[in-house]
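K.L.:
what follows is a protein structure lacking sequence information:
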């Protein structure tokens, strides 16, 4: 994080972003040349190293690398299903050239997927590859069922631009204070994983007197196993935008950015069109006199999981390398371009229209004492009824898994809920949990964004541990020492144990490594991956014992 | 309420903390030990980064409560917090992190440049690590060294990715040459677009090398290898008026390398490539090592005695025959205060003439004059450190990023962080690119432009009338004249839209505190002095004098040009700026020097040259000034010097001027003598001798003392800084409290009271002259343009590049020459196309005085019709074409406006390196 680069980016603001320019150049020219880099450096008053370094941090911008002909999904759900090597081989055979990896395309409900020429395809579409190549087969509509139990906060009939405008107009007849009061009463907590009360952030930004403030929607849901944000972006885009606009009105922010993963091309198109429609709305008179006009910007991401971490995301928008910032200052004090900023996840923002429409008390009446409202849960293709579920917080996880979703279609020994940095729950513990922050925490797991991804009975846990390290190593921003080096060494240790007969991991060393990551890491990537690793060591100790040696 | 609420505990010991302090800062402060908590990514002068995590500590709310591990560098201290810095858990964590670092680091310490001076080594040793348990995995050990650059080197196999280099390049130099590529374990430091140092935009300031905790980035001098050998001498850089402190490492009378001390108030660990790396001139084979006398047209080595006798005899003869005013002296701003004081004393007390002048004549004489007229003191009113407190920066006719790099970098840092700023310059300089407003005027129209600014300030009511009424005089007449201004006409003259000027004027006038910097782009003009007066007017009209973050701050060119004037190196004022025509003053000097002093004003340098041409001046003694290469109209200078009966040149090298000497005296470089330099913010700093002078060279002060005694004046020797300062402090009023001892590490800013109290800000409660004087002047076209524009339609303006210093006698004899090896002509693409000139091709540039062939560099940094070049290289000799117009008040030459015409040259050589 560079203060200078933040402040230089601020000169252009969201209207003109180095990061977006890089994406456009890569898209139109297929690559980024030294003369492009020199021009961008001059234009943005930064160094060529700044531009090169930024581009070289993203999977899809690397200036020196050939763009792969296609990508296969390497998310956890596809991985454990074991489907991808076949898809990759078929793509390579038909297309030639290197086939890249993408994590993850959000088609976990099918457990196999690939990306070609700006479109995502479900794994079954590989059978139509010839037609895809000749253009006669378009992106398959990946319909998945959406179920709900109880009040529909997020999965009700979607808003369109007119209803969105109408609701916004109604909301703005109240003062920002009154609206904030509703959010406070609702006690809605962040759905991105941390569960931080939204109203506290809003109050903090509202209280600061600043010329510019921003609302940033974190739509970089990169956790394999979750497609709830993709659902909201594609099917409920106006709820998300309305949530941002109301949040902007409350805090005094006049601009907002929606940062959307590149791995969701369809979501990008849908939310992009919605943003355009939204920006064309007339300004609206408000309860506080001054008419409200709010401008939204779409920022397409370029393939770096770490950008789901809010400060890396802010650096990314600013055209800096997506590295995690130290806190304090928190984004609410010094966020985008060094200005007070709200960063909230898609699902959190999408809750706002309901709260404003129905009242904070109504929202708070759903859920548990501490976890309010509903939660979207995405279930992968190992379930008999895969799809997206909206349940009230506190809903029995066992009931969801075994009754609503009909259990598993094959033997599953564990599920990972909330992404690769959240807990691994052995099958027998599922029934003990309820879908809320506290229940998961108390049992030694994390709710995260509640994407559920299965580990089938025949999938070796040692391989899953290796996958967790390898994923962390690949996605580490490279800033803090424990994560940058530790994840790599962890992946190497595990791989050696798997590949080299006779080699056993020094258990004390592995424990030290896990502890170093947990205590020493700067953010929740290096700091988070120890939880599932420790869950495996706890619950599947017998399975992996043969790979370990203890010298203690 | 508790009695002392801001208490936190470090290892159970209570300490008071400062609100907003991090645990790391807290621990450093209260223990007085910078390494009490180990860290690898934290470094002096850099923002918190939080990468290495080695600084982790445990914090708890109560002595026995379970601790939480946090990184101390970015965790704030809170009330009642219990911080445990070395618990078992923490020790283990640090050791485990270092173990990970060592898995990707070549363990070849014994043959490493930084062995014994490596922060990784030190921290690793402290953790007690004895083995690396991980099997061998992926590493960066295969990365090759980058030895492409004359100074900078890298060996990224040693890199621990603390980003200190990247941050230093960003946060100190502001150049963004370094970043990283890749992600995670594959992250790797890059220069430019993953290029070599040489091919990147690196400006070789060396901040990265100094910041690097290992040997991953270093320099060809292996500046980090010397921690445990040789000696270290602290001194002051000779290259510009910033006055950077240097730490020079030597062994056996040889300089090994130079670093910048972190505790220097002026430069805090920073300096430019000239200060840090361009020292190899000092023992260059070209150094003049013995006195030389020209016999039958050939220089012959002579003894000091013979040289002294020869000079004494000739001077005595000329003085007796033609009078003392037939002798002139040019002292050097590269020399110390003590030496400048001695030289003017020699001319006045020994020869008996006021014909003493210095290089300020060709640079900041207009500043000294104009600021004396308006404020009463010809020196910067504030300190560079005030940049941290200003809310508007105005830079007029100065390119400090190149010419005053450390100050330039500081200004750039403030501009990047969004401080509103205005640059008035014909060229799109680096600062112009970063400024809020760039007023890109036609060269020579500063006065028109600043009159426009003041017009808007007055007519829009943005003036600080309270300040004006309390502190200034002449307002009524000033305003009356200003209100007559034809703004439309001035817009036409300057070429700058008046709306933009109005906005910039508002920005300056309405800021809480606005600070101006100016350079030779103001002074080296027909109306140079008036331009400076306007900068003073702007400050007075808006109340920007006498407070922090404000003021008028000339960027003094040479390292001691301020000091030379302070010491009396000017024909109208003696030591301490006292008027030489004033009988009381004459009496004072008479008493002090023990001899009568001359009573009328002496000759300025251009007058000396003209007097030599007219054969009224018979002898000149020039110290460290290459007038042939650097003064305008070279051929006229040469013809004049050739007419002298005696030309004494005291020099380091055989400069273009030295070739015309009758006697050459080998002086000492700044590295070979002691004394004091006064920087551009009036800071008197100690220069310490680092090595012995080469050959028979002597400290310039010693040479002058020898000559004084030879000529019959009793000046006690040998030359010693402390002794000389004692003498100076008795005659220069604002040096009253200056002693060698008191100057200590960071010097003192004059005026220094008898008790040693120094002064950061001048004119705080009243101006030196009582009331500030507002002076209005109408814009007038330069005679250069009115006379020659028809035949010579282009305007050439001369300037400097970072890599070279003035005539280049020193920098051309260092590695800098490999970075920039020639003068170039900056030309706008339209003009180049019009004249069929390609980038890198030779252009013939012709003025009424002559012509030169110079290679073109096509750039939009200059406007059409404007050309720009430097004068660092004698093979181009750009001053062959510069003119005779000078500032009306001080005779400072108008280097900045030269009427020329251009055509494709017949020379057909493509441009080589940059």
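P.N.:
Done, it's in. Keep in mind that this is a model prediction, so the values were computed, not measured.
K.L.:
which ones are touching residue A:251?
P.N.:
Contact analysis of residue A:251 by Cβ atoms under 8 Å, 6 or more residues apart in numbering or on different chains lists A:176, A:202, A:205, A:206, A:213, A:215, A:340, A:342. C-beta here means a position set from N, CA and C on the backbone, and glycine is covered the same way.
K.L.:
for residue B:309, see how far away it is.
P.N.:
Noted for residue A:251: a distance of 86 Å to residue B:309, by Cβ to Cβ, to the nearest Å.
K.L.:
residue contacts, the closest residue to chain B within the stretch 251-400 of chain A?
P.N.:
Nearest residue of the stretch 251-400 of chain A to chain B, counting by Cβ to the nearest Cβ: residue A:326, 3.7 Å away. Residues near residue A:326 by Cβ under 8 Å, 6+ apart: A:1, A:522, B:48, B:49, B:50, B:71, B:73, B:74.
K.L.:
which pair of those residues spans the longest distance?
P.N.:
Greatest spacing in the contacts of residue A:326, by Cβ to Cβ: A:1 and B:71 (14.4 Å).
K.L.:
look at those two and report which has more neighbours.
P.N.:
residue B:71 (27 against 22; other Cβ atoms under 10 Å in any protein chain shown).
K.L.:
surely that one is in contact with residue B:51?
P.N.:
No - here residue B:71 does not reach residue B:51: they are 9.2 Å apart, not a contact under Cβ atoms under 8 Å.
K.L.:
name the residues that touch the lengthiest helix in chain B?
P.N.:
Ranked by number of residues, the top helix in chain B under DSSP state H is helix B:304-322. Under the criterion Cβ under 8 Å, 6+ apart, residues B:291-293, B:302, B:326-327, B:351-352, B:618-619, B:621, B:645-646, B:648, B:662-663, B:665, B:696, B:698, B:706-707, B:710-711 lie in contact with helix B:304-322.
K.L.:
list the buried residues for that helix?
P.N.:
For helix B:304-322, a neighbour-count test (16 or more other Cβ atoms under 10 Å in any protein chain shown) marks B:304, B:307, B:308, B:310, B:311, B:312, B:314, B:315, B:318, B:319, B:322 as buried.
K.L.:
the helix or strand that comes right after that helix: partners in the sheet, and parallel or antiparallel?
P.N.:
Where DSSP states H and E defines the elements, the next helix or strand beyond helix B:304-322 is strand B:327-330. Strand B:327-330 sits in its sheet next to strand B:356-357 (parallel), strand B:619-623 (parallel), going by DSSP bridges.
K.L.:
need those in a markdown table with mean pLDDT, distance to residue B:29 and mean neighbour count, can you?
P.N.:
Formatted as a markdown table, the strands paired with strand B:327-330 follow (pLDDT from 0 to 100; distance: least, Cβ to Cβ, whole Å; neighbours: other Cβ atoms under 10 Å in any protein chain shown):
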| stretch | mean pLDDT | distance to residue B:29 | mean neighbour count |
| --- | --- | --- | --- |
| strand B:356-357 | 96 | 51 | 30 |
| strand B:619-623 | 98 | 48 | 26 |
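K.L.:
quick one: closest of these to residue A:530.
P.N.:
Nearest to residue A:530, of all the strands paired with strand B:327-330, is strand B:619-623, at 70.6 Å by Cβ to Cβ.
K.L.:
so what touches whichever helix or strand comes after the closest one?
P.N.:
Sequence order places helix B:627-630 as the next helix or strand after strand B:619-623, per DSSP H and E. Applying Cβ under 8 Å, 6+ apart, the contact partners of helix B:627-630 are B:330, B:362, B:605, B:609, B:634, B:637-638, B:641, B:655-657, B:659-660, B:806-807, B:871, B:874, B:877, B:879.
K.L.:
mind listing what's buried in whichever helix or strand comes after helix B:627-630?
P.N.:
Remark: after helix B:627-630, the chain's next helix or strand is helix B:634-643, criterion DSSP H and E. By neighbour count on 16+ other Cβ under 10 Å, the buried set for helix B:634-643 is B:634, B:636, B:637, B:638, B:640, B:641.
K.L.:
in the helix or strand where residue A:347 lies, which residues are buried?
P.N.:
Following DSSP H and E, one finds residue A:347 within helix A:346-358. Residues of helix A:346-358 classed as buried: A:346, A:347, A:348, A:349, A:350, A:351, A:352, A:353, A:354, A:355, A:356, A:358 (neighbour count, 16+ other Cβ under 10 Å).
K.L.:
likewise for stretch B:895-903?
P.N.:
Here stretch B:895-903 shows B:895, B:896, B:897, B:898, B:899, B:900, B:901, B:902 as buried, counting by 16+ other Cβ under 10 Å.
K.L.:
so residue A:77 makes contact with residue A:106?
P.N.:
No - between residue A:77 and residue A:106 there is no contact under Cβ under 8 Å: 9.6 Å.
K.L.:
would you enumerate the residues in contact with residue A:408?
P.N.:
For residue A:408, the contact set (Cβ under 8 Å, 6+ apart) comprises A:382, A:383, A:384, A:454.
K.L.:
tell me the phi and psi of it?
P.N.:
Per-residue torsions, residue A:408: phi -100, psi 150 (degrees, to the nearest 10).
K.L.:
and it, how close does it get to residue A:386?
P.N.:
10 Å.
K.L.:
distance of the residue nearest to residue A:198 when sequence neighbours are not counted from residue A:238?
P.N.:
With sequence-adjacent residues excluded and distances taken as Cβ to Cβ, 6 or more residues apart in numbering or on different chains, residue A:198 is closest to residue A:188, at 5.0 Å. Noted for residue A:188: a distance of 18 Å to residue A:238, by Cβ to Cβ.
K.L.:
repeat for residue B:647
P.N.:
To residue A:238, residue B:647 is 87 Å away according to Cβ to Cβ.
K.L.:
who has more neighbours, the two?
P.N.:
A count of neighbours by other Cβ under 10 Å puts residue A:238 above the other of residue B:647 and residue A:238, at 24 against 21.
K.L.:
chain B contacts on the stretch 51-200 of chain A?
P.N.:
Residues of the stretch 51-200 of chain A lying close to chain B (Cβ under 8 Å from any Cβ of the partner chain) are A:52, A:53, A:54, A:56, A:57, A:63, A:64.
K.L.:
what two of these are the furthest from one another?
P.N.:
Pairwise distances across these peak at 13.7 Å for A:54 and A:64 (criterion: Cβ to Cβ).
K.L.:
ok, back up a step: now, which of the contacts of residue A:408 lie within helices?
P.N.:
Per DSSP H, those never map to helices.
K.L.:
pLDDT score for the residue nearest to residue B:73 when sequence neighbours are not counted?
P.N.:
Once flanking residues are discounted, residue B:73 sits nearest to residue B:24: 4.5 Å by Cβ to Cβ, 6+ apart. If you check residue B:24, the pLDDT there is 97.
K.L.:
then residue B:913?
P.N.:
Here the pLDDT value assigned to residue B:913 is 35.
K.L.:
before we move on, what about residue B:407?
P.N.:
98.
K.L.:
over to residue B:352?
P.N.:
97.
K.L.:
what's the answer for residue B:806, then?
P.N.:
For residue B:806, the pLDDT comes out at 86.
K.L.:
got it, and residue A:63?
P.N.:
For residue A:63, pLDDT reads 79.
K.L.:
try the one 4 residues further on
P.N.:
pLDDT recorded at residue A:67 is 80.
K.L.:
just checking, it touches residue A:32?
P.N.:
No - contact criterion Cβ under 8 Å: residue A:67 and residue A:32 do not qualify, at 10.7 Å.
K.L.:
and the two? Which one has more around it.
P.N.:
Higher neighbour count among residue A:67 and residue A:32: residue A:32, with 23 against 15, using other Cβ under 10 Å.
K.L.:
now that one: how far from residue A:51?
P.N.:
8 Å.
K.L.:
which neighbours do the two have in common?
P.N.:
residue A:22.
K.L.:
give me the contact status of the longest strand along chain B with chain A.
P.N.:
With secondary structure taken from DSSP state E, chain B has its longest strand at strand B:850-858. No - using Cβ under 8 Å from any Cβ, strand B:850-858 never reaches chain A; the gap is at least 15.0 Å.
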